[in-house]
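# here's a sequence, model it:
(one chain, ligands or ions: 1)
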Amino acid sequence: MRAVDIIIKKRDKQELSAQEIEWFIQEFTRGGIPDYQAAAWAMAVLLNGMTEEETTALTLAMARSGEMLDLSSVVPIAVDKHSTGGVGDKTTLVVAPLVAACGLPVGKMSGRGLGFSGGTLDKLESIRGFRADLSTEQFLGQLARVGVVVCGQTADLAPADGKLYALRDVTGTVQSIPLIASSIMSKKIAAGAQAIVLDVKVGFGAFMKTLSEAQQLARLMVEIARKTERKAVAYLSDMNQPLGRTVGNALELREAIDTLQNRGPRDFETHCLEIASRMLVIAEQSPSMEAARVTVERALRNGDAWQKFLAWIEAQGGDLSMVLDAQKLPIGSLQMEIVAPVSGYIQQIHAEKVGLAAVMLGAGRAKKGDPIDYGVGIEVYHKVGQIVQRDEPLFMVYANREEHLRQVQAMLLEAVVIKENPVEPLPHFYGVIE
Ligand code: URA
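Coordinates of the predicted model:
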């Protein structure tokens, strides 16, 4: 086979065979296909799409390009969750220990933030000493011993995806639904997941800006799971406004801690309870969503989830004193309240703009490898649909550099739209695809 023939076939809108895809990915992974050919192929896929069969073949080829974890000796069923990324999304911090506290171990590989969207590992690393780089043996050992482990993806897990994603990032080929679906699902399959709850975000602060794109992505990932004999359920959840009330690493960690101690914001708690319940159902640990809901609420209310969180953080070397006394977590030395310029109903709190303001403060990365300032971020006091009076605080900004305050004020005021006429609150979920 020749790479050029496979590129031409896709350029001419023909369907690739599973063998062609497998060969292309294998060769690309071992360095036999140069980046310029892989980039041309990715652009042909972006422009001409892929069938479900092609996307499934690509997913499996990328999953098999490295180590394939088997968790069956450690857990009854390997359950996972995946969010397509958003602003203020700290769900894993609550859901992983919550599900584990219900008796279902959770071993998860998470990512770091890039651009306006945050990453679970960065949030966890605001705890001094927390180790995110575990070996496969450490990952499996902690999963068996503690019942919960969250770490970075090892370099040998779906290496084809790592290589292809880096190339897509710089060649304008990220925004392709088959490429995104296969990228996400290849990593889940390689990490051993048998049952996956997908949280597909939609809106201003998400990869998928429209409901129809989000539905396509969600359906495709659920279908890939079915074709590869895994189970998946996808939620379509709102990401027009930030989730919960904080954006920024240590701030989000505090919010997760508050939620585990039954003091969290309603929207975020609702989100966590739903995702955790669905994980129990999809892993066949609960007969129905109603029964699962009772189990997860009990584990949250009685402190079991909080205890599991402590055991998890301790197992990964995190300084427990910072978690037990959240005042010890990093916090920006400069604080500034931003108030409503007019009275009225909040029509919009543009999640991407809030996310970019947090990145500007130093909470995120403009490019891979950039350092993070864990203590900076934004507290968001309101939700769309609420009424505010002129001069009422809208945001609290936590910064470490004076010059950031003025810039962030302008960015955040631009993120908010306040009008005289009432507006409905945004829905939390737009649907579930099973
Ligand atoms: N997240 C991934 O893991 N891959 C993509 O292609 C996009 C988002």
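
# ok, Arg109 touching Asp156?
Not Arg; residue 109 is Met. No. With contacts counted by C-beta atoms under 8 Å, Met109 stays clear of Asp156, the gap being 11.8 Å. For glycine as for every other residue, the C-beta is placed from the backbone atoms N, C-alpha and C.

# who's more crowded, the two?
Set side by side, Met109 and Asp156 show more neighbours around Met109, with 26 against 13, by other C-beta atoms under 10 Å.

# is that one in a helix, a strand, or coil?
strand (DSSP: H, G, I helix; E, B strand; the rest coil).

# the spatially closest residue to it that is not a sequence neighbour: how many residues sit nearby?
The shortest distance from Met109 to any non-neighbouring residue, by C-beta to C-beta, 6 or more residues apart in numbering, is to Gln153 (4.5 Å). Gln153 is flanked by 21 other residues according to other C-beta under 10 Å.

# what residue in the protein comes nearest to the ligand?
Ser183 (3.3 Å; C-beta to the nearest ligand atom).

# so who does that residue touch?
62, 161, 164-165 (C-beta atoms under 8 Å, 6 or more residues apart in numbering).

# show me what secondary structure element comes after the host helix or strand of it.
Ser183 belongs to helix 177-190 when assigned by DSSP states H and E. Per DSSP H and E, the first helix or strand lying C-terminal to helix 177-190 is strand 195-202.

# now the helices for the stretch 101-250 of the chain?
Here the stretch 101-250 of the chain has its helices, by DSSP state H, counting those that start in this stretch, at 120-124, 136-146, 159-169, 177-190, 211-227, 249-260.

# same check on the stretch 251-400 of the chain?
Using DSSP H, counting those that start in this stretch, helices in the stretch 251-400 of the chain cover 266-282, 289-301, 304-315, 320-324, 351-361.

# mind putting those into JSON lines with distance to Glu420?
Output for the helices of the stretch 251-400 of the chain, formatted as JSON lines (distance: least, C-beta to C-beta, whole Å):
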{"stretch": "helix 266-282", "distance to Glu420": "25"}
{"stretch": "helix 289-301", "distance to Glu420": "39"}
{"stretch": "helix 304-315", "distance to Glu420": "42"}
{"stretch": "helix 320-324", "distance to Glu420": "44"}
{"stretch": "helix 351-361", "distance to Glu420": "22"}
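
# tell me which of those helices is the most buried.
Burial of those is given as mean neighbour count (mean count of other C-beta atoms under 10 Å); helix 351-361 ranks first at a mean of 25.

# helices and strands around that helix, which ones?
strand 246-247, strand 377-380, strand 393-399, helix 402-415 (3 or more C-beta pairs under 8 Å, 6 or more residues apart in numbering; DSSP states H and E).

# now the third one: buried residues?
By neighbour count, and taking 16 or more other C-beta atoms under 10 Å as the criterion, the buried residues in strand 393-399 are 394-399.

# gap between the helix or strand of the chain with the lowest mean pLDDT and the chain center?
Least confident helix or strand of the chain, by mean pLDDT, DSSP states H and E, is helix 159-169 with a mean of 91. Offset of helix 159-169 from its chain centre (C-alpha atoms, centre = their mean, to the nearest Å): 18 Å.

# cool, stretch 1-16 as well?
Worked out by C-alpha atoms, centre = their mean, stretch 1-16 lies 33 Å from the chain centre.

# end-to-end on that stretch?
In stretch 1-16, first residue to last residue: 12 Å (C-alpha to C-alpha, to the nearest Å).

# quick one: buried residues of it?
Per 16+ other C-beta under 10 Å, stretch 1-16 contains these buried residues: 3, 6-7, 9-10, 16.

# repeat that for stretch 63-75.
63-67, 69, 71, 74-75.

# from those, pick the one nearest His82.
Ala63 (14.0 Å; C-beta to C-beta).

# contacting residues around the closest one?
Counting by C-beta under 8 Å, 6+ apart, Ala63 has contacts 158, 185-187, 189-190.

# cutoff 7 Å now
With contact taken as C-beta atoms under 7 Å, 6 or more residues apart in numbering, Ala63 is in contact with 158, 186, 189-190.

# got it, and Glu290?
Applying C-beta under 7 Å, 6+ apart, no residues contact Glu290.
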